[in-house]
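Novice: Prediction below, plus the sequence it came from.
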Amino acid sequence: MAETRDEGLVLYTREDLLARDVTASALSLASHGGPWRRLQPGVYVDREAYDDRFPVERHRIAVAAVMRSTRGGPAVVSHASASVLHRLPQYRFADRAVEVTLRGPAGGTSRAGLRRHLDTLSDEDVVSVGGLPCTSLDRTVFDLARTAPLEMALTCADAALRREAVSSRRFDAAAQERWRERMRERADRARGRRGIRRARQVIEFADARAELPGESVSRLQLHRIGFREIDLQVAVAGPRGTAYYVDIALGDVRTFWEFDGEVKYRDAKMRGGRSVEAVVLDEKRREDWIRGVTQWRLCRGGFDDIRSPETLAARLAAFGVHPPRRE
């Protein structure tokens, strides 16, 4: 195998590095330290350049390393690894083993950095992403809905659904229902398998209007603590014919919830050339207008506030907002 490049980093074989006068003793330490990191048997990468990447970027590189070390086999990238290849947004993504599914009766065991699943995959469930065999978007979402933590599963389901049902802020409810029906049929075909009940819950709760992982997880935690009248991306008439969109509206308590990620303040591209101070001032003016026009409360929170139902309940309680009592 010749050296190859993925995510801007070169993947090397053992032979590549020996030909570059890297010693065998240096490679023997590659799993623990030194300038080279062994991602899979016989596949190496520059350690410093690899460690400098975000976890999702490192995972895409690790996926490429796995597939290069198993080239020609029955492995198909699946589950969380497939969601990374499909570039679905991730919630609290950390370094993890690459996941693949082996088609049919093929054997094989998991090893460090690699988790193998045995399952049946139809031809329509396998696509090529970046030249790698990968489960389709529908199959990836379905596998995560059955097996992944709800926060990850819902974040990916919302994002996949958004690709079909939202265009330039216009939400197509009919397209969302077609997606649901297609996924319901998939769940029906898999009746009796592990995680199907949970998968059905994710399918029914997914909503294309959620724009970011923080909004998806906020909605999940709000539901867990007892809110039921939850609406997303609610338009509030703004000044001079404009409209302000609020992340989540809690109709039964007349309260808006805004997920306030730091990226919109720290990322220069998202600020659109404005200073941090200008962004904060614009947000204050927007918030004051929304409160004044609607006479609703508006509460904000970030990732720390949505890490569990309890932390979000505490954040809302600090503003005097509690889930309605139900008979």
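Specialist: Everything's here; your move. Residues are numbered from 1 along each chain as shown.
Novice: Give me the buried stretch members for stretch 199-207, please.
Specialist: Residues 199, 200, 202, 203, 205, 206, 207 are the ones in stretch 199-207 that count as buried (16 or more other Cβ atoms under 10 Å). C-beta: built from backbone N, CA, C; applies to glycine.
Novice: same deal with stretch 31-45?
Specialist: So for stretch 31-45, counting by 16+ other Cβ under 10 Å, buried means 36, 37, 38, 39, 40, 42, 43, 44, 45.
Novice: so who does the fifth one touch?
Specialist: In this case it means residue 40. 62, 65, 66, 68, 69, 113, 114 (Cβ atoms under 8 Å, 6 or more residues apart in numbering).
Novice: can we see that at 7 Å?
Specialist: Contacts for residue 40 (Cβ atoms under 7 Å, 6 or more residues apart in numbering) come out as 65, 66, 69, 113.
Novice: cool, and the last one?
Specialist: Residues near residue 45 by Cβ under 7 Å, 6+ apart: 9, 11, 37, 39, 61.
Novice: Inside helices: which ones of these?
Specialist: residue 61 (DSSP state H).
Novice: Can you lay out the contacts of residue 45 as CSV showing pLDDT and distance to residue 299?
Specialist: Putting those into CSV (pLDDT from 0 to 100; distance: Cβ to Cβ, whole Å) gives the following:
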residue, pLDDT, distance to residue 299
9, 85, 42
11, 91, 47
37, 91, 44
39, 91, 44
61, 95, 39
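Novice: quick one: the helix or strand harbouring residue 45 to chain centroid distance?
Specialist: Here residue 45 sits within strand 43-46, counting by DSSP states H and E. On the basis of Cα atoms, centre = their mean, to the nearest Å, the separation between the geometric centre of strand 43-46 and that of its chain is 26 Å.
Novice: for stretch 319-327, same thing?
Specialist: Taking mean C-alpha positions (Cα atoms, centre = their mean), stretch 319-327 and its chain are 30 Å apart.
Novice: what does stretch 189-202 give?
Specialist: 20 Å.
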